[in-house]
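>>> Give the three-dimensional model of this entry:
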Amino acid sequence: MNRRLQISIRGAVQGVGFRPFIFRLASEMNLNGFVYNSTLGVFIEAEGTKEDLDKFVIRIEKEKPSIAFISGMEFSFLDTIGFAEFEIRKSKKEKENTTLILPDIAVCGDCLNEMKDPLNQRYRYPFINCTNCGPRFSIIESLPYDRPNTSMKNFEMCDECFSEYENPLNRRFHAQPIACPNCGPHITLLNNKGNFISTHETALEQTVELIKDRKIIALKGLGGFQLIADAGNNDVVNRLRKRKQRDEKPFALMFPSIDSIKDACFVSDFEERLLCSPEAPIVLLNKKNTSNIADSVSPENPNLGVMLPYTPLHYLLLKDLNFAIIATSGNLSEEPMCIDENDALATLGNIADFFLVHNRPIVRHVDDSIVRIVLNKEMVLRRARGYAPFPINLSETKKSETVLALGGHLKNSIAIKVGQNAFISQHIGDLSTDKSYKAFTQTIIDFQKLYEFKPEKIICDLHPDYLSTKYAESLNKNLTMVQHHYAHVASCRAENQVSGRALGVSWDGAGYGFDGTIWGGEFFISNDNSFEHIGQLRQFSLPGGEKAIKEGRRSALGLLFEIFGNEIFEKEDLCIQSNFSKGELNILKEMLNKKINTPKTSSAGRLFDAVSSLLNVSQQANYEGQSAMKLEFAVDPKENSHYQFDIHEGEKLIVDWEEIINSILQDIMKGIGIAKAAAKFHNTMAKIILSVAELVGEEKVIFSGGCFQNAYLTEKSVNLLSENGYKVYLHQRVPPNDGGLSLGQIAAAYVKHDKRKMNFRKRELQEI
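Below you'll find the model as predicted:
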């Protein structure tokens, strides 16, 4: 006796060939019925014997497309209707959107093989794609994911493409971005005034020659413009640095092949897998001394950020060039990537010599993701292409209300909660320019449109002067503020689905504390429904406030003033006099004594900066985190000893670094060397975490905050804790830096805290 099976599937099941897969499977099993996309996911009805329908359900889960993800599958058996065939029906729109929008996916091997075949209609076509690869998030305008709802809507398919699109046995069956040279997008080469030079294959060939001729190209890529140049030529790199006003921050590179990457860098099996994955992120690798990459690409830095070509256009360029290129974001400092030609010409016209553009509109900017391997696991440092907006599933205990979380000020991302999913936006950046802030507000509008989402609760950072906080307050809705460092802990907790009590270690550069001071070296006891701030690093003053973020010498001065007072201005053996002019020291002395613009901080990030200054590794940073990074790079990995320190137990645990600093000063006097002292300091910070864990007695330990981007610190700390029986949780798919705050804000919004231990003065924030 035949039955009718009704199936509703939720998850990343659109744009991955899921309907064609269902069609082929049903046809193979002689089942009749239909399948269609809806804003809720994929809906199926099929008729057959109960035995065949049971097998059908099992095979769907086992044989689904490799890049599909099923987050929920509900089915029931009903009476038959009498379907005559199995068909793909038109998409339907439901009241609520729960479909998971897929990230943009790197071009697949099948498409690359076709693109290399002179007999194929898509030979050397820069926009080849199929259901297994290509643009998704960067082209979708609304759900469901159908061609009319994407930026491909104005490209009418030719007969050949339409035949493939309609053929259930074809790899491009219902591939929404399907195109070929006869009907799809094409490239055009312009000069930096916007004047036409060439198009199609000629434009590609001329671009290759221009790059060889040391020109800088603005390339319209998948999720925005990139600046492209020869990575082996110091003159070109320095010219790009000067034009982009980017003094020392490393540039990302794109290599022609995995073998060419191995020629320049050390590549582990895990790193190779990541480079070749569908996400195809920028991966941080240790470079070889024999590398032919220009020194100015990554000055005073042992690492290179590298990636493989992830679009057909990139592959064609790199194949013809056969050498590595700089492929950095097409933007001005701290601004989002340009996504259309007019904006790019206006913004990048003084940087790029030529523009290689195309006529497929980019709906939203999506930067390249950055990942490093730590302890043989992925750690996403910038979450964008390949990862966003794939969600993090939250615990079922969370309330069902819809939530908008606005993140922080630096490395901003926003997130929304729909049902049990938290959808995190692509990397937006620092909200310090008008364009960045506009991108922030546009992303909020964009997500509300995509998911037809109206927030019932707004969540933001506790910092009253963050632009994201001010925006939240302007919405005049149900507003919850979440403390910065607990949001970090909650983010890692949610990502790893940690349950029960855990010690949370939240170390970064700066965040607004409950007491109105600048936190950054914090310890929490975190539970499923509550958290308590139980300790922090001893505080010290930051002379000059915000200037201390870029000048580690100021952090060092504040640290030493906390220990020695005015004596530091007389003692030559403290290395202070050589780092400041006499006039600067007089001003700073007065500021510290009168407590003028010298906010107190417990920041681990500023402690790293201070030690970097004391060891004369770095006095000033040209980009965020540079001083701490240089200290990490200076470490002698063979050194296993550590400094002594005190932990004072009271209302809170206070980790006192005074003995550490005194010991470092003694080591400097003894001349033990920067590498050993840097290693001993890192080892000490790991030992601090273990000591706090032993005092609080919690088996689970959660690491979050920008300091844990430091691979040596993280690996040393995890290994030390693991050896002593602790279970450590690290970020993987969500950044440990402020890019993960929005997820943490959602996860922390329903958690209770002990208000008796707070002294929150909202509008008494000291300048930072």
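>>> so where's the stretch 401-550 of the chain uncertain?
Along the stretch 401-550 of the chain, no part satisfies pLDDT under 70.
>>> Strands along that one, start to end?
Ranges of strands within the stretch 401-550 of the chain are 403-405, 415-418, 421-424, 457-461, 479-482, 502-512, 518-526, 530-537, 540-541, based on DSSP state E, counting those that start in this stretch.
>>> For the protein, which residues score under the pLDDT cut-off?
71-72, 94-99, 395-399, 573-575, 752-768.
>>> That one - how does it break down into domains?
Listed by automatic domain parsing, the domain ranges of the chain are 2-88, 187-371, 386-496.
>>> With distance to residue 179 and mean neighbour count added, can I get those in CSV?
Every C-beta, even on glycine, is put in place using the N, C-alpha and C of the backbone. Putting the domains of the chain into CSV (distance: least, Cβ to Cβ, whole Å; neighbours: other Cβ atoms under 10 Å) gives the following:
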stretch, distance to residue 179, mean neighbour count
domain 2-88, 15, 18
domain 187-371, 8, 19
domain 386-496, 21, 21
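>>> Distance to residue 563 for those domains - can I get that in TSV?
As requested, the domains of the chain are exported to TSV (distance: least, Cβ to Cβ, whole Å):
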stretch	distance to residue 563
domain 2-88	53
domain 187-371	30
domain 386-496	25
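>>> Residue 143 is nearest to which of those?
domain 2-88 (4.5 Å; Cβ to Cβ).
>>> Off-centre distance for the closest one?
The chain centroid and the centroid of domain 2-88 are separated by 34 Å under Cα atoms, centre = their mean, to the nearest Å.
>>> Endpoints of it, how far apart?
By Cα to Cα, to the nearest Å, the extent of domain 2-88 from end to end equals 21 Å.
>>> Same check on stretch 153-171?
Termini of stretch 153-171 sit 20 Å apart (Cα to Cα).
>>> List the buried residues for it?
Within stretch 153-171, the residues that count as buried by 16 or more other Cβ atoms under 10 Å are 155, 157, 158, 161, 164, 165, 168, 170, 171.
>>> before we move on, back to that, need the strands of the stretch 401-550 of the chain in TSV (columns: distance to residue 289).
Below are the strands of the stretch 401-550 of the chain laid out as TSV (distance: least, Cβ to Cβ, whole Å):
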stretch	distance to residue 289
strand 403-405	45
strand 415-418	42
strand 421-424	38
strand 457-461	43
strand 479-482	46
strand 502-512	32
strand 518-526	35
strand 530-537	37
strand 540-541	39
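>>> Nearest approach to residue 383 belongs to which of those?
Among these, strand 421-424 comes nearest to residue 383, with 6.6 Å by Cβ to Cβ.
>>> Quick one: distance of that closest one to the chain centre.
14 Å.
>>> So which elements touch that strand?
On a contact count with 3 or more Cβ pairs under 8 Å, 6 or more residues apart in numbering; DSSP states H and E, strand 421-424 meets strand 392-393, strand 415-418, helix 741-748.
>>> quick one on the thing from earlier: quick one, which of the domains of the chain gets closest to residue 579.
Closest approach to residue 579 among the domains of the chain (Cβ to Cβ): domain 187-371, 18.4 Å.
>>> and residue 528, backbone torsions?
For residue 528, the backbone dihedrals (degrees, to the nearest 10) come out as phi -60, psi -30.
>>> Now it: closest residue in space that isn't a chain neighbour?
In space, and not counting its chain neighbours, residue 528 is closest to residue 499: 6.1 Å by Cβ to Cβ, 6 or more residues apart in numbering.
>>> Distance-wise, check the one you found relative to residue 649.
Counting by Cβ to Cβ, to the nearest Å, the gap from residue 499 to residue 649 is 28 Å.
>>> the more surrounded of these two?
residue 499 (12 against 9; other Cβ atoms under 10 Å).
>>> Over to that one: give its phi and psi.
With angles defined as degrees, to the nearest 10, residue 499 sits at phi -120, psi 150.
>>> Whatever helix or strand residue 319 lives in packs against which elements?
Element membership for residue 319 (DSSP states H and E) is helix 312-321. Judged by 3+ Cβ pairs under 8 Å, 6+ apart, helix 312-321 is in contact with helix 109-116, helix 200-212, strand 325-329.
>>> what does the helix or strand that the second one is followed by contact?
Looking back up the chat, that one is helix 200-212. Sequence-wise, the next helix or strand downstream of helix 200-212 (DSSP H and E) is strand 217-220. Contacts to strand 217-220, defined as Cβ atoms under 8 Å, 6 or more residues apart in numbering, come from residues 192, 207, 210-211, 225-229, 313, 317, 327, 330, 338, 341, 344, 348, 351-358, 362.
>>> just how off-centre is strand 217-220 within its chain?
22 Å.
>>> contacting residues around the helix or strand where residue 35 lies?
Element membership for residue 35 (DSSP H and E) is strand 32-38. Strand 32-38 is touched from outside by 4-5, 14, 19, 22-23, 26, 42-48, 83-94, 99, 144-146, with contacts defined as Cβ under 8 Å, 6+ apart.
>>> mind saving the C-alpha coords of that strand as CSV?
As requested, C-alpha coordinates have been extracted for strand 32-38 and formatted as CSV (Å, rounded to 0.1, in the frame of the first residue of the first chain):
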residue,chain,number,x,y,z
ASN,A,32,6.3,10.6,-7.6
GLY,A,33,5.7,14.0,-6.0
PHE,A,34,7.4,17.4,-5.9
VAL,A,35,10.1,19.5,-4.2
TYR,A,36,10.3,23.3,-3.9
ASN,A,37,12.3,26.0,-2.1
SER,A,38,10.6,28.2,0.4
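>>> What sits closest to residue 84 if chain neighbours are left out?
Excluding the flanking residues, the one nearest residue 84 by Cβ to Cβ, 6+ apart is residue 32, at 6.3 Å.
>>> Out of the contacts of strand 32-38, name the ones that lie in helices.
Secondary structure from DSSP state H places 19, 22, 23, 26 of the contacts of strand 32-38 in helices.
>>> Can you tell me which of those residues is nearest residue 77?
residue 26 (16.0 Å).
>>> residues contacting the residue lying closest to that closest one once chain neighbours are set aside?
Spatial nearest neighbour of residue 26, chain neighbours left out: residue 86 (4.4 Å); criterion: Cβ to Cβ, 6+ apart. Residues near residue 86 by Cβ under 8 Å, 6+ apart: 23, 26, 27, 31, 32, 33, 34, 35, 46.
>>> So residue 707 versus residue 508, what's the distance?
From residue 707 to residue 508 the distance is 6 Å (Cβ to Cβ).
>>> what residues are shared contacts of the two?
Both residue 707 and residue 508 are contacted by 604, 605, under the criterion Cβ under 8 Å, 6+ apart.
>>> give me every residue that touches residue 509.
Residue 509 touches 520, 549, 603, 605, 606, 624, 625, 706, counting by Cβ under 8 Å, 6+ apart.
>>> Export stretch 617-625 to CSV, keeping only CA atoms.
Below are the C-alpha coordinates for stretch 617-625, written out as CSV (Å, rounded to 0.1, in the frame of the first residue of the first chain):
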residue,chain,number,x,y,z
VAL,A,617,61.1,45.1,20.9
SER,A,618,58.6,47.8,20.0
GLN,A,619,58.0,51.3,21.3
GLN,A,620,55.2,52.4,18.9
ALA,A,621,52.7,50.4,16.8
ASN,A,622,51.8,51.3,13.3
TYR,A,623,48.8,49.0,13.4
GLU,A,624,46.6,47.3,16.0
GLY,A,625,48.4,44.7,18.0
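>>> So for it, what gets flagged as buried?
Going by 16+ other Cβ under 10 Å, stretch 617-625 has these buried residues: 617, 618, 619, 621, 624, 625.
>>> again with stretch 680-695
680-690, 692-693.
>>> repeat for stretch 592-600
Residues of stretch 592-600 classed as buried: 592, 597, 598, 599, 600 (neighbour count, 16+ other Cβ under 10 Å).
>>> Residue 321 against residue 212, yeah?
Yes. Taking contacts as Cβ atoms under 8 Å, residue 321 lies within contact range of residue 212: 7.0 Å.
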